[in-house]
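K.L.:
for reference, the sequence and a predicted model appear below.
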Amino acid sequence: MLVVLAVASLTLLLAPSQGAIVHLDLEANGFWGEYEVQDAGTSNWVCIYATEKDGKAPVAKCRNGLVTNSHKWKRAWDFNFPEKLDPNYGTYVVIYGSNAIWVDMFKVYSGWSTTEFGQHNEIGWCMSADENDEFSDGVSHTGCDSMIKLTEVGGADKIHKGTTVWSNRSCEGSNQGENLGLVSDFGECASLAWKKRNNDGNNDGDCKYVMYSPSYSYSWGCRCCKESKIGNKQYHSLWNIYKLP
């Protein structure tokens, strides 16, 4: 048993040096110590968009909701990547919806390096498509944003406010771009779209907007919408359109 535990501990110790982790801390730290922030979690999709070390490949990881509760291990969430991330390209955090999340700190572990964004206190970031979202506990923020870019020097730039998902909308005919193939969930669709958008590390692929159907993308696929024609989106009860960084 001791040998098994030792091996497991060694594996956990080595894992960050081989890959990367983007860590979202949802726990506040006040006068009486650490505590759970009521309503800090979200039921919306949250995605991390980044680029592997040396600009090798665009990568994305998504979670369908980040819940919090009284258990300490449920007040933080990790997005794991198999390769180190390239800080020169930035790491983007995006929420798809208006069920706000409050983040006390972002941390990026890549190889042996760690970059922290913020301090462990009661001042953090609100992420939501609703700029005026608030939280019931006494934590604070400077307004809600739906996209945040984590930079190499430890800065967190608020790069987008407002909508990142248009429910019941589609791009049809000549307004539609490439069909990226069949997918099992939105996270897989977002990853394919991010790779398409960033061909060879260049942010010029025409897939800043992607169309996904929660009910039928396993059969209809995940499809790009042409950025120049996104204004022509139309009502469709079975499709949603999502915006990438």
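P.N.:
Yep, that arrived.

K.L.:
quick one: contacts for W220?
P.N.:
S213 (CB atoms under 8 Å, 6 or more residues apart in numbering). For every residue, glycine as well, the C-beta is placed using N, CA and C.

K.L.:
so is the residue most central in space within the chain in a helix, a strand, or just coil?
P.N.:
Geometric centre of the chain, nearest residue: C47, 2.1 Å, by CA atoms, centre = their mean. What DSSP: H, G, I helix; E, B strand; the rest coil gives for C47 is strand.

K.L.:
give me the nearest residue to it, chain neighbours excluded.
P.N.:
C62 (4.1 Å; CB to CB, 6 or more residues apart in numbering).

K.L.:
with T68 instead?
P.N.:
Spatial nearest neighbour of T68, chain neighbours left out: G41 (4.0 Å); criterion: CB to CB, 6+ apart.

K.L.:
so the one you found makes contact with I101?
P.N.:
Yes: using CB atoms under 8 Å, G41 makes contact with I101 at a distance of 6.3 Å.

K.L.:
any common contacting residues for these two?
P.N.:
Both G41 and I101 are in contact with L26, L66, where contact means CB under 8 Å, 6+ apart.

K.L.:
quick one: residues contacting N121.
P.N.:
By CB under 8 Å, 6+ apart, the contact set of N121 is A28, N29, G30, D104.

K.L.:
whoops, N199 was the one
P.N.:
So N199 contacts G205 (CB under 8 Å, 6+ apart).

K.L.:
neighbouring strands - and their directions - for the helix or strand harbouring V210?
P.N.:
Following DSSP states H and E, one finds V210 within strand 209-212. Partners of strand 209-212 in the sheet, by DSSP bridges, are strand 223-225 (antiparallel), strand 234-243 (antiparallel).

K.L.:
returning to that earlier point: where does the residue nearest to C47 land in three-state SS?
P.N.:
Under three-state DSSP, C62 comes out as strand.

K.L.:
count of neighbours near it?
P.N.:
Close neighbours of C62, defined as other CB atoms under 10 Å, add up to 20.

K.L.:
please apply the same query to K233.
P.N.:
By other CB under 10 Å, 18 other residues sit near K233.

K.L.:
for the closest residue to it other than its chain neighbours, give me its contacts.
P.N.:
Leaving aside its sequence neighbours, K233 sits nearest to R169 (CB to CB, 6+ apart; 4.6 Å). Neighbouring residues of R169 by CB under 8 Å, 6+ apart: K233, Q234, Y235, H236, W239, N240, I241.
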